[in-house]
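# structural data only, the sequence is not supplied:
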């Protein structure tokens with residue numbers, strides 16, 4: 001299965017059942033995750049640009065956390081919570097302003 005990370009325009013192989021964060025870490029993609037992937041922050045916020053149907057359904061805890069994320073949309077997911085179930089997925093890493 002393929003997962004493309006934007007804006008870096010890097011495509012990696014991902015295993016069914018991995019989270020987007022797992023795929024990033026396994027392939028050297030710099031994706032912030034201050035809470036260690038525990039759905040306790042929003043630093044791993046991504047926007048799904050293609051393949052939303054290839055991800056696990058969003059659970060309420062993720063939805064509530066995302067509502068606090070800067071720039072969230074209907075296509076927002078937390079990389080630590082979104083499980084890859086299919087291929088041809090493209091996500092944009094949301095860059096947050098450190099100031």
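Thanks, I have it. For clarity, every value in this text was computed on a predicted model and none was experimentally measured.
# where does this protein dip in pLDDT?
Low-confidence segments of the chain (pLDDT under 70): 96-99.
# nearest residue to the middle of it?
When C-alpha atoms, centre = their mean is applied to the chain, the residue found nearest the centroid is residue 79 (2.7 Å).
# does that residue touch residue 25 like I think?
No: applying C-beta atoms under 8 Å as the test, residue 79 and residue 25 come out as separate, 9.5 Å apart. The C-beta positions use only the backbone N, C-alpha and C, and glycine is treated the same way.
# now do the shared contacts for those two.
31, 33 (C-beta atoms under 8 Å, 6 or more residues apart in numbering).
# any idea how far residue 7 is from the residue nearest to the centre of the chain?
In this view, residue 79 and residue 7 are 15 Å apart by C-beta to C-beta, to the nearest Å.
# go on, residue 85?
As for residue 85, its distance to residue 7 is 24 Å (criterion: C-beta to C-beta).
# more neighbours: which of these two?
Neighbour count, other C-beta atoms under 10 Å: between residue 85 and residue 7, residue 85 has more, with 15 against 8.
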